[in-house]
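Asks: I would like the atomic coordinates for the input below:
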Amino acid sequence: MASYTNKLKITVWICVVYVLSFICYVPVLLEQKGIIIPNVLLYLKYLYVCIPAIAAIFLLICEQNVKAHFTEMFSGKISIKFILIWAIYMVVGMLGSYCYSFIVGVEVYTNINMIVTSLLTSGIYLLITAFVEEIAWRGFLLERLPFKKNISSVIFVGAVWAVWHMPMWIIRNSLGMEQIACLCIWTLLVSVVLGITYYQCKNILLIAILHATFNTCYLAPMQFNIVLLAIVLSVGTLLYKKFAIA
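Replies: Coordinates of the predicted model:
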């Protein structure tokens, strides 16, 4: 009975998040159709990223479980091991962007100053938004799944997370189906990294930093980034199995 109740709560939570998130972009959609919309309603799109976290906290308040859940979310220590993992993904992303730039002859970063400026300005904003997102997706949904915590769990969360992005990709960014398909694959791969790392470290702050790193350092086209991240995941998996067996 408890398992059924938890599944029902998760299903309702996902549906509510989808509906409220879509509503945030309805004024933008109407404006694109030529309908005059008050400017104040257009600001709803900035609430979009907060909807999942707000819905998660609301449910936890109803369950009187906010303190315990957030304590669990930050229960792990950020060790040297996880700092090294973060550094590897950051360096791979930056080097990958430079490699793409060199191959196609298009500047991603014009100079080192631009790198620093980009990481500082974009990084701070994206870290805040990533932290808000991670409270909901890894900190709440991934923890609440009723089935075994493994690769299927992180892929499930990644799929739900990808669908949640649809209003932003379609309405705000006006992306085509090919671009959206690539973004869905990218989101699933990133979810695997974030989910597995969260299972190991149990600290949502590190996951938010890692999330922001993917947004700031992987600046090549999505197809290139997908191949790059898939290679890193494959190599990482092989090394993990090798040392685990040893």
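Asks: going forward, measure contacts between C-alpha atoms and count neighbours the same way
Replies: Noted.
Asks: List the contacts of the most centrally placed residue in the chain.
Replies: Nearest to the mean C-alpha position of the chain, by CA atoms, centre = their mean, lies residue 211 at 5.7 Å. Shown in contact with residue 211 (CA atoms under 8 Å, 6 or more residues apart in numbering): 127, 130, 190, 194.
Asks: now, the most widely separated pair of those residues?
Replies: Farthest apart among the contacts of residue 211 by CA to CA are 127 and 190. That separation is 15.3 Å.
Asks: For this structure, which residues score under the pLDDT cut-off?
Replies: Residue ranges of the chain with pLDDT under 70: 1-4, 107-123, 148, 240-246.
Asks: need the helices for it, in chain order.
Replies: For the chain, applying DSSP state H gives helices covering 2-32, 39-42, 51-62, 66-73, 80-104, 112-136, 143-144, 151-164, 166-167, 177-201, 204-217, 222-245.
Asks: Name the stretch among those that sits most buried.
Replies: helix 204-217 (a mean of 22; mean count of other CA atoms under 10 Å).
Asks: export stretch 18-25 as CSV, just CAs?
Replies: Taking Å, rounded to 0.1, in the frame of the first residue of the first chain, the C-alpha atoms of stretch 18-25 are listed here in CSV:
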residue,chain,number,x,y,z
TYR,A,18,4.5,19.4,-16.5
VAL,A,19,1.2,21.4,-16.4
LEU,A,20,2.5,24.3,-14.4
SER,A,21,5.8,24.5,-16.3
PHE,A,22,3.8,24.6,-19.6
ILE,A,23,1.6,27.4,-18.2
CYS,A,24,4.7,29.5,-17.6
TYR,A,25,5.3,29.6,-21.3
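Asks: Name the residues that touch that stretch?
Replies: Residues outside stretch 18-25 that contact it (CA under 8 Å, 6+ apart): 42, 44-49, 51, 164, 167-168, 171-172.
Asks: Same list, those, but as CSV with distance to residue 29 please.
Replies: Output for these, formatted as CSV (distance: CA to CA, whole Å):
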residue, distance to residue 29
42, 10
44, 12
45, 11
46, 14
47, 15
48, 14
49, 17
51, 18
164, 16
167, 9
168, 10
171, 6
172, 8
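Asks: which residues touch residue 86?
Replies: Residue 86 sits in contact with residue 210, where contact means CA under 8 Å, 6+ apart.
Asks: Quick check: it vs residue 207, distance?
Replies: Distance from residue 86 to residue 207, counting by CA to CA, to the nearest Å: 9 Å.
Asks: Then residue 58?
Replies: 22 Å.
Asks: cool, residue 19 as well?
Replies: To residue 207, residue 19 is 26 Å away according to CA to CA.
Asks: so how far is residue 46 from residue 142?
Replies: Taking CA to CA, one finds residue 142 at 24 Å from residue 46.
Asks: Looking at those two, which is more packed in?
Replies: Taking neighbours as other CA atoms under 10 Å, residue 142 and residue 46 compare with residue 142 leading, 22 against 11.
Asks: Go ahead and confirm that one touches residue 151.
Replies: No - using CA atoms under 8 Å as the test, residue 142 is too far from residue 151 to be in contact (11.1 Å).
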